[in-house]
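Participant: What follows is a predicted protein model with its sequence.
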There are 2 protein chains.
Amino acid sequence: MKKLVFLLIIFCITTVYAQKQELNWREITPGVWESIIGDPEGIDLLQIAETKPRTDALQKLGKPLFPEQIKSSKAEVTDGKTYLHFPLQKEEQLFGLGLNFKTVQQRGTIKNLHVDHYNGQDDGRTHAPVPFYVSDKGYGILVNSARYLTVYAGTSVRTDSKDFPPERNRNDPQAGWEAQPYSDAVEVLVPAKGVKVYLFAGKNALEVVQRYNLFNGGGTLPPKWGLGFTHRTPTLFTDEQILEEVTAFESKGYPLSFVGLEPGWQSTSYPNSFVWDKTRFPQPKPFLNELLKKNIRVNLWINPYPGSKSPVYEVIKPYTASHTVWVGLVPDFTLKPVQDLYRKLFTAEHLKMGVAGYKVDEVDGYDKWLWPDVATFPSGIPAEQMRQIYGLKFQKMVDGWFREQNTRTYGLVRASNAGASNLPFVIYNDYYDHRDFITALCNSSFIGVLWTPEARSSKTDEEWLRRMQTVCFSPMAMLNAWADGTKPWTYPAVAEPIKQVMLLRMQLLPYLYTTFAQYHYEGKPPIRAMNLVEGFSFAAKSEKAALNSTDNPYGLALKEDMKDQYMLGDYLLVAPLFAGEKSRKVILPPGKWFDFYSGKLAGAGEVIRVTPERNKMPLFVKDGGIIPLIPPALHSPTKATVLPLTIRHYGEKEGSWNLYDDDGETFDYEQGAYTWTKLEVTKNKKGLLKGNTPKPNNKNFRYKNIRWEFMTPSN
Amino acid sequence: MKKLVFLLIIFCITTVYAQKQELNWREITPGVWESIIGDPEGIDLLQIAETKPRTDALQKLGKPLFPEQIKSSKAEVTDGKTYLHFPLQKEEQLFGLGLNFKTVQQRGTIKNLHVDHYNGQDDGRTHAPVPFYVSDKGYGILVNSARYLTVYAGTSVRTDSKDFPPERNRNDPQAGWEAQPYSDAVEVLVPAKGVKVYLFAGKNALEVVQRYNLFNGGGTLPPKWGLGFTHRTPTLFTDEQILEEVTAFESKGYPLSFVGLEPGWQSTSYPNSFVWDKTRFPQPKPFLNELLKKNIRVNLWINPYPGSKSPVYEVIKPYTASHTVWVGLVPDFTLKPVQDLYRKLFTAEHLKMGVAGYKVDEVDGYDKWLWPDVATFPSGIPAEQMRQIYGLKFQKMVDGWFREQNTRTYGLVRASNAGASNLPFVIYNDYYDHRDFITALCNSSFIGVLWTPEARSSKTDEEWLRRMQTVCFSPMAMLNAWADGTKPWTYPAVAEPIKQVMLLRMQLLPYLYTTFAQYHYEGKPPIRAMNLVEGFSFAAKSEKAALNSTDNPYGLALKEDMKDQYMLGDYLLVAPLFAGEKSRKVILPPGKWFDFYSGKLAGAGEVIRVTPERNKMPLFVKDGGIIPLIPPALHSPTKATVLPLTIRHYGEKEGSWNLYDDDGETFDYEQGAYTWTKLEVTKNKKGLLKGNTPKPNNKNFRYKNIRWEFMTPSN
């Protein structure tokens, strides 16, 4: 009997382990390798995003070697699932793994990657649970599956680990017992019989991210108006109320580039009709025209679920899920008839009338509102996969409608996933923690998505100022007043500094637009976590925390994390202040850094503490930084506008920076209608800095009267 | 092309829907039906718990009809998963679905049932994610799967619902739009190709629970010492320090029935040796003997993961998982050689020396510490299933060791599951919210598990008093001072009332022991949520809550829930006070209720507000209630002890109650060595109440000098 048991065990061990395999990697474009494990499923993320690698840009980025440590990766298909194993070095740091709100460094965490409304814990349930992680050792891994993946990012310890952690006696206070022993692997559970995995190499984390973004088609290039200021009006506002609101912005001197209309623009909502409400908007086209004359665009709230009052309802019924969302139908957007019906209705009812974009709500969660995982879809795609791709697919559809009109859009979405970098959407949510909003900004930079820390309302003047300041240094500067009706000037004590920071946002357009062009053409994210900054190293220190039977029964070591400051483009370091703070710590990467406002030296490769004027958000510019500005304006420039340009230089260094421009509205840049202009600062024989004023002979260069401004006093 | 797409869709629809089936129910014991769907897996929960229905008791409970509404249940096997669909009536309430800490009524929630340390959200990740729910319509459903199940408990709305909720326009404030429209089903996702489902009927929720518990073998019957008071000493205490602690209890007059030794009893811990530390415990047997002489038992902390210093380490290695827990091995307890090795070591090292029980830690989670779901086990059982059954299996093993010695045990465990009611363990955790601890007490009563709201330490005297009071009205009255070193008398201002409530616990032994006998023989849980009380009805009221863009963007209606009071046995209503409260609301079920201390009328079937003396926990007794008490004592009685008995009667009604007794230590009761004695109160001709003193001629009746005490003054 014992013998039999033993043999059975040996058999089981052999069976289980026999399926383990080394991964075969095939280089598919320079620095990008693919490995096909088992039998991958018909639906995956990149396929839904219809990504097309930017081959030219990838070639230009160079051809890095295959990352040595990934050679010993393993995979295993068992219990109908695929188990992946990627080695980790000691001290290695990991980033990414979805849009996280609490932490930037992800080593030592576990994620159940699942599209959902963020619930306050970095557990993988989030708006963009992108199954991609970046290592500071110069590589990134994408698990291209539309299933709910579980990722053990350096938490698991195998008995057969080559570098098995030492055993320590917790009873001995001197033994250095650790709650989380060293783990030498990232392990991933893919609940499917196979999967495609992609490996991205790079000389540093930024280059890995660039390669990842370029592989997915590069970053999106928003229309210029998309980088202005946007205000979302209360949900039941009429056309006249909106026009009044717009007039108020203008008369008070607050910039506005696009207005957001909430569910009330429709005749019925939750479920939706997708057609204009005749009482609140008797004549939508003239209304939209009037706004457009002021160069103000309109964005419409929707969620994708139609009710019986919608013209698509009856036709679409056969192509919808077994379950409803707020009793609305759940269209299967992977089916062509559905895609056609939506394109037709939305193009005729909105795009042709002048609507410039959408806010796509509730494609993420919460679980309570969405279809359950037991729902079935006519395409046969399981509800789980549908959940992971729904927001991604919808973005892709909307992108297509606007491309057909040769008009760029820039909208909002609550769910995204891998492969979304070139889709013209910014993620938002109902969560409202200011600090966590900034952490999400940092994290968005690793995973090819954009995020807005939108402002809604605040408990105090100070909080309102702080929130509005950070909004102006994000991918979408948004006040979302749908429920609260707040205006930028609602808190009189801070109305003026808020106006100033909004106008500064408008002035920064050439810098912002070029930063997004870098995203598009080079794959560099517009917002960059500090860990993406070249030469920036910040050791994740562990310190032993106090044991406590309730809050910390395992005496877990705490890790410092770099999550409250970030780079906007190449030169601008943004260090937000939060309500209650009079001063803050800023970690300056190597080299000298200068105060944005005064041009004075702030520090060099060090940790400084700043106590800024209340009205000024701490902003620092890298030595040699070049920041082009246009005059403050209430609206974004049209393609017909040619504007004067002031080019600021900070610090002591020579340098050059390429300014991008195009019409800012259409897709003509894809046919070559764009220009990069070199802005250059050199030193003369006396060592004095001098700006070489560009004279481009290119109709895509929409600037005139170029003026240099040397900000740092010593010049 | 369009035609092809259309045909493909029709094909898909047909394929998906064709697999849908009605359930076939087979009555397997009176009032219990089984339905086998698809191809159930080799491992399930009841099989691991090795449950044996108490057939006699089930027969006695009667033969209810098949619940009408369950007839239209459906199942479907698709995408390698089983989808279950059980109809719900309007106004129906659901209970159970795991050990929840925030809510009692579970309709309208979604659970991902997953053994884990409770994380502060009732999302299904908990210590006992029992896949069982009870309806107030008189039935219960158990999904007997060891997978991670997702349960949509009345949240999903199907397009083909017979009672499809009306469409309402959210733009119309008068339309009565609801964030959660009426759902007519519980839907369950079982990630396996089949499953066994059990249906339990009953005339009310309590009878359903009784049937469920009896089907699982009835409830556990603890040794009498298990119902006394227990104190867990700091982890590195030596034998002498423990003896001093015991002496302190005695000299100060605080009762103590068993002591808990934390990891430091071992030579090494985390990972564990499972053998005594020679420096702190040079002579474990004499030490245990000395305690036993005082009639004090010892409980040992363990987690199941051995390190290299353990005698089992080398032998067990081939029978362990691919992964470790704190670098300790993870034994595959489904394998006989592992079971044998553990039984041998633990019996010799602990049981034979006099150890009376275990505290089994970290068989639940957290994810960070436990093996990942990509771990493999030599038995071939997937890690997911292993996670769901590990605590259950370990309980079963420990139960077996003690049964072999014909000695009852009563211990602690951090993970359990379906089928555990007859296992001698109480669940505990690291969470420490006093209110939530009480909610968990209520919830434990639906799912066949026991829970202790252990006390550790407190911020204030008042909190300490409140926590110690509730601990004394729970299945295990425990002070867990492993990290904090707190004693019952640590807060001098409340030391005396705490002593009084601990002594009251000791006095209540005959009542408590009989209450547990009811659990064992009749399936009635010792702690009972109010929703299990006969005739108790408390409509879950919905009220519209204020819309708010951040906290409540959907204006979700709030529901009142009954979660801060409960029944202990048939007669005692426990209404804990929490720190900061001077008074509280108590909901009295139909009939008259009397104050436990004074015997005075408190109210009748109404909501009362009580402002008790600070030192007295609000306790109420049902009209006709019979509560037998023994004199206050510092230790639990042994089997040789015969004690005087005071039988209290409350209120105005005649009545009778059966008092249970046996030796309180062995399993001889399973061979018939027990007795039920009828305690009866009748009215004489003048209408005065009179207690009929029992005169049992049975050696299992260990009481003498019986005295009646009529508590209600009017007598």
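Facilitator: Happy to help now that I have it.
Participant: Tell me how many other residues surround the closest residue in space to A:L335 that isn't next to it in sequence.
Facilitator: Once flanking residues are discounted, A:L335 sits nearest to A:Y319: 5.0 Å by C-beta to C-beta, 6 or more residues apart in numbering or on different chains. Just so you know, the C-beta spots here come from the backbone N, C-alpha and C atoms, and that holds for glycine as well. When neighbours are counted by other C-beta atoms under 10 Å in any protein chain shown, A:Y319 registers 26.
Participant: Torsion angles phi and psi at A:Y319?
Facilitator: phi -110, psi 30 (degrees, to the nearest 10).
Participant: need the contact list for it.
Facilitator: A:331-332, A:335, A:337-338, A:378, B:9 (C-beta atoms under 8 Å, 6 or more residues apart in numbering or on different chains).
Participant: if you set the cut-off to 10 Å instead, what comes out?
Facilitator: A:312, A:329-339, A:341, A:377-379, B:5-6, B:9, B:13 (C-beta atoms under 10 Å, 6 or more residues apart in numbering or on different chains).
Participant: Show the pLDDT at whatever residue of the stretch 601-715 of chain A ends up closest to chain B.
Facilitator: Across the stretch 601-715 of chain A, the shortest distance to chain B (C-beta to the nearest C-beta) belongs to A:M617, at 22.7 Å. As predicted, A:M617 sits at a pLDDT of 93.
Participant: now do A:M711
Facilitator: 96.
Participant: Could you do A:M478 as well?
Facilitator: For A:M478, pLDDT reads 98.
Participant: Which strands and helices lie in contact with whichever strand or helix holds it?
Facilitator: Element membership for A:M478, per DSSP states H and E: strand A:477-480. Identification of packing neighbours for strand A:477-480 by 3 or more C-beta pairs under 10 Å, 6 or more residues apart in numbering or on different chains; DSSP states H and E yields strand A:229-232, strand A:258-261, helix A:461-471, helix A:495-507.
Participant: For chain B, find the nearest of the ones you listed.
Facilitator: strand A:229-232 (10.2 Å).
Participant: which stretches of the stretch 1-150 of chain A have low pLDDT?
Facilitator: Applying pLDDT under 70 to the stretch 1-150 of chain A flags the ranges A:1-19.
Participant: mind running it again at 80?
Facilitator: Low-confidence segments of the stretch 1-150 of chain A (pLDDT under 80): A:1-20.
Participant: which residues in it form strands?
Facilitator: Under the criterion DSSP state E, counting those that start in this stretch, the stretch 1-150 of chain A carries strands at the ranges A:20-22, A:26-29, A:32-38, A:74-78, A:81-87, A:94-96, A:109-115, A:125-126, A:132-135, A:139-143, A:149-153.
Participant: The last one pairs with which strands, parallel or anti?
Facilitator: Going back to what we said before, that points to strand A:149-153. Using DSSP bridges, the strands paired with strand A:149-153 are strand A:109-115 (antiparallel), strand A:185-190 (antiparallel).
Participant: Output that strand as PDB, restricted to C-alpha atoms.
Facilitator: Coordinates of each C-alpha in strand A:149-153 appear next as PDB, following Å, rounded to 0.1, in the frame of the first residue of the first chain:
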ATOM      1  CA  LEU A 149      -4.400  37.200 -14.700                       C
ATOM      2  CA  THR A 150      -2.800  36.700 -11.300                       C
ATOM      3  CA  VAL A 151       0.700  38.100 -11.000                       C
ATOM      4  CA  TYR A 152       3.100  37.300  -8.100                       C
ATOM      5  CA  ALA A 153       5.600  40.100  -8.600                       C
END
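Participant: Show me the longest strand that occurs in chain A.
Facilitator: The residue-count maximum for a strand in chain A (DSSP state E) belongs to strand A:674-683.
Participant: before we move on, back to that, and the contacts of A:Y319, which are buried?
Facilitator: A:312, A:329-335, A:337-339, A:341, A:377-379, B:9, B:13 (16 or more other C-beta atoms under 10 Å in any protein chain shown).
Participant: top helix in chain A by residue count?
Facilitator: When chain A is parsed with DSSP state H, its longest helix is helix A:383-404.
Participant: how about the helices of chain A, start to end?
Facilitator: So, for chain A - with DSSP H - the helices run A:2-18, A:45-49, A:55-60, A:205-215, A:239-252, A:284-293, A:313-316, A:336-349, A:383-404, A:434-444, A:461-471, A:495-507, A:509-522.
Participant: Take these and write them to a markdown table, including distance to chain B.
Facilitator: A markdown table is the format used below for the helices of chain A (distance: least, C-beta to the nearest C-beta, whole Å):
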| stretch | distance to chain B |
| --- | --- |
| helix A:2-18 | 4 |
| helix A:45-49 | 17 |
| helix A:55-60 | 30 |
| helix A:205-215 | 24 |
| helix A:239-252 | 14 |
| helix A:284-293 | 15 |
| helix A:313-316 | 10 |
| helix A:336-349 | 5 |
| helix A:383-404 | 8 |
| helix A:434-444 | 11 |
| helix A:461-471 | 12 |
| helix A:495-507 | 19 |
| helix A:509-522 | 27 |
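Participant: Out of those helices, which is the most enclosed?
Facilitator: Ranked by mean neighbour count, the helices of chain A are led by helix A:205-215 with a mean of 27 (mean count of other C-beta atoms under 10 Å in any protein chain shown).
Participant: Run the angle between that helix and helix A:509-522 for me.
Facilitator: Put simply, helix A:205-215 runs at 70 degrees to helix A:509-522, going by axes from the mean of the first three to the mean of the last three C-alpha atoms, to 10 degrees.
Participant: Please compute how far helix A:205-215 lies from its chain's middle.
Facilitator: Centroid separation for helix A:205-215 versus its chain: 14 Å, with C-alpha atoms, centre = their mean, to the nearest Å.
Participant: Equivalent analysis for stretch A:670-680, please.
Facilitator: 25 Å.
Participant: Okay, buried residues for it please.
Facilitator: Within stretch A:670-680, the residues that count as buried by 16+ other C-beta under 10 Å are A:674-675, A:677, A:679-680.
Participant: got the CA positions of that stretch in PDB?
Facilitator: Extracted as PDB, the C-alpha positions of stretch A:670-680 are listed here (Å, rounded to 0.1, in the frame of the first residue of the first chain):
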ATOM      1  CA  GLU A 670       0.200  61.000 -40.700                       C
ATOM      2  CA  GLN A 671       0.800  62.000 -44.300                       C
ATOM      3  CA  GLY A 672       3.800  64.100 -43.400                       C
ATOM      4  CA  ALA A 673       2.200  67.500 -42.700                       C
ATOM      5  CA  TYR A 674       4.200  68.300 -39.600                       C
ATOM      6  CA  THR A 675       7.500  69.900 -38.700                       C
ATOM      7  CA  TRP A 676      10.200  69.500 -36.000                       C
ATOM      8  CA  THR A 677      12.100  72.700 -35.400                       C
ATOM      9  CA  LYS A 678      15.400  72.800 -33.500                       C
ATOM     10  CA  LEU A 679      15.500  75.300 -30.700                       C
ATOM     11  CA  GLU A 680      19.200  75.700 -29.800                       C
END
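Participant: Report the mean per-residue pLDDT for it.
Facilitator: According to the model, stretch A:670-680 has a mean pLDDT of 97.
Participant: and the gap between the closest residue in space to A:G485 that isn't next to it in sequence and B:V188?
Facilitator: The shortest distance from A:G485 to any non-neighbouring residue, by C-beta to C-beta, 6+ apart, is to A:P234 (4.9 Å). Per C-beta to C-beta, to the nearest Å, A:P234 is found 41 Å from B:V188.
Participant: before we move on, what about A:V338?
Facilitator: For A:V338, the distance to B:V188 - C-beta to C-beta - is 29 Å.
Participant: again, but for A:N299
Facilitator: Applying C-beta to C-beta to A:N299 and B:V188 gives a distance of 40 Å.
Participant: coming back round to it: would you mind giving the buried residues of stretch A:670-680 as TSV with distance to A:T230 added?
Facilitator: Output for those, formatted as TSV (distance: C-beta to C-beta, whole Å):
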residue	distance to A:T230
A:Y674	24
A:T675	27
A:T677	28
A:L679	28
A:E680	34
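Participant: Now for those: which two are most distant?
Facilitator: Comparing every pair within the buried residues of stretch A:670-680 by C-beta to C-beta identifies A:Y674 and A:E680 as the most remote, at 19.5 Å.
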